[in-house]
Structures are given as structure tokens and as C-alpha cells.
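>>> what follows is a predicted structure for the sequence shown.
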Amino acid sequence: MGILRRRHIAFASLICVSFLLTPIGARGGEAVEEYRLKGAFLYNFAKFVSWPGNLTEELASLQVCVNGPASAHDAIKTSLAGKAAAGLPIEVRALGEEASAVDCQVIFTTRDGTASTPRIARFVSDQPVLLVGESHEFARNGGMIGFVEENAKLRFEVNLEAVEQAGLRISSHLLKLARMVDN
């Protein structure tokens with residue numbers, strides 16, 4: 001691995017760690033700020049996930065789909081504006097019908113979108129789609145990455161079994177920062 005690649009990984013890891021160590025209250029109490037922060041996490045998740053085969057070579061952009069209110073979508077879109085992952089520009093869009101979920105590479109479900117999560121999971125069950133959510137025990141209930149608040153800090157859990165079933169791989173650099181769960 002080249003020196004620049006190692007520095008890039010180390011820098012990205014430091015960014016993730018700095019988010020993990022920053023108390024949620026210190027980031028501003030507004031939901032918009034919380035979703036901008038979660039957008040930064042989504043960016044790092046996308047950077048440290050590998051999709052199977054040559055999937056990313058076939059895409060024009062990496063689709064991050066938001067299942068939740070417009071305010072969450074807008075904040076995440078602002079957070080990810082101009083960013084790229086897996087060699088592709090990131091495009092953020094609202095998730096409409098569950099059937100359109102198969103066109104996404106990352107789906108983020110807010111607490112408001114939790115009711116439709118099982119239907120979305122069924123539509124993408126055989127697709128390489130990273131499912132991220134913020135509802136209670138999201139990763140334990142079959143999601144792949146779930147946000148959790150612990151001691152007033154934002155952290156995340158990973159359900160590695162669900163990730164592997166989708167044909168995705170998560171870098172060990174990201175896994176070191178996660179709490180692993182079973183479903």
C-alpha cells in the first residue's frame with residue numbers, strides 16, 4: 001500500500017474518531033446539525049465500504065438515498081455536496097417508492113422512516129445496498145449500520161452478518177471504530 005494511501009486512511013480514521021469524541025450537545029441542538037453530522041458519517045461509511053465486482057465501474061454516481069423527512073434529506077445533501085466515494089461523485093436523493101431502493105448504494109433511514117424499513121430491506125435483500133439507520137437497535141434488527149447515542153456522543157454499531165449477506169465489505173479501519181452486534 002502506498003504512502004499516500006496510508007495517509008489518506010489515517011486521516012479519514014482521525015476524522016471519524018473526532019466525530020465520535022465530540023459530544024452531541026456540542027454540535028448544536030438542532031436536528032439539521034445532527035443530520036449534517038450523520039451525513040459526514042455516511043460519507044466515511046461510503047469511503048470505507050467495497051461493493052462487489054465492478055459495480056462501481058458501471059455507475060455514473062454513488063446514490064445515497066434518504067428515507068425520511070425533507071429536512072434530513074436537505075441537511076445530508078448539504079453535508080455531502082461535492083464529495084466522492086468509491087471513485088464516484090455522491091448524489092443524494094430522497095427515497096420515493098420502496099422499489100426504487102435497488103438503485104441506491106446507501107440507504108439512510110431516519111426515525112421517521114423506520115416503519116418502511118422492513119419493506120425496503122425486502123426490496124434490497126439480494127442487492128449490494130448498505131442500509132444505515134438511526135432507530136433503536138437498527139443494526140440488531142437486520143440493518144447494517146445503526147447510529148447510537150452513548151454518553152451524549154454519536155457512535156455506530158455494525159451488523160457484519162447483514163453486511164456480508166449483501167455482498168459488501170467494510171474496511172477494518174472503519175470496523176475498529178464500530179461496536180459489533182449480532183442480529
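Yep, that arrived.
>>> so where's the protein shaky on pLDDT?
Filtered on pLDDT under 70, the chain yields the residue ranges 1-30, 98-99, 183.
>>> which stretches of it form strands?
For the chain, strands defined by DSSP state E occupy the ranges 49-50, 62-67, 84-85, 88-94, 106-109, 130-133, 145-150, 153-158, 169-170, 179-180.
>>> can I get those strands in CSV with distance to residue 117 and mean neighbour count?
Just so you know, the C-beta spots here come from the backbone N, C-alpha and C atoms, and that holds for glycine as well. Below are these laid out as CSV (distance: least, C-beta to C-beta, whole Å; neighbours: other C-beta atoms under 10 Å):
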stretch, distance to residue 117, mean neighbour count
strand 49-50, 19, 18
strand 62-67, 7, 25
strand 84-85, 23, 18
strand 88-94, 15, 18
strand 106-109, 5, 26
strand 130-133, 6, 26
strand 145-150, 11, 19
strand 153-158, 15, 20
strand 169-170, 20, 17
strand 179-180, 20, 12
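>>> so which of the ones you listed is nearest residue 40?
strand 153-158 (10.1 Å; C-beta to C-beta).
>>> hmm, back to that, can you add distance to residue 38 and give the strands of the chain back as JSON lines?
What follows is the strands of the chain, written out as JSON lines (distance: least, C-beta to C-beta, whole Å):
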{"stretch": "strand 49-50", "distance to residue 38": "16"}
{"stretch": "strand 62-67", "distance to residue 38": "10"}
{"stretch": "strand 84-85", "distance to residue 38": "15"}
{"stretch": "strand 88-94", "distance to residue 38": "12"}
{"stretch": "strand 106-109", "distance to residue 38": "7"}
{"stretch": "strand 130-133", "distance to residue 38": "8"}
{"stretch": "strand 145-150", "distance to residue 38": "6"}
{"stretch": "strand 153-158", "distance to residue 38": "8"}
{"stretch": "strand 169-170", "distance to residue 38": "17"}
{"stretch": "strand 179-180", "distance to residue 38": "17"}
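>>> and residue 123, which of those is closest to it?
Using C-beta to C-beta, the strands of the chain put strand 106-109 closest to residue 123, at 9.8 Å.
>>> then the closest one to PDB, C-alphas only?
Extracted in PDB, the C-alpha atoms of strand 106-109 (Å, rounded to 0.1, in the frame of the first residue of the first chain):
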ATOM      1  CA  VAL A 106     -26.500   3.600   0.500                       C
ATOM      2  CA  ILE A 107     -29.900   4.000   2.200                       C
ATOM      3  CA  PHE A 108     -30.200   6.100   5.300                       C
ATOM      4  CA  THR A 109     -33.500   5.600   7.200                       C
END
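>>> quick one: list the elements packing against it.
Strand 106-109 is packed against helix 31-47, strand 62-67, helix 117-123, strand 130-133, with contacts defined by 3 or more C-beta pairs under 8 Å, 6 or more residues apart in numbering; DSSP states H and E.
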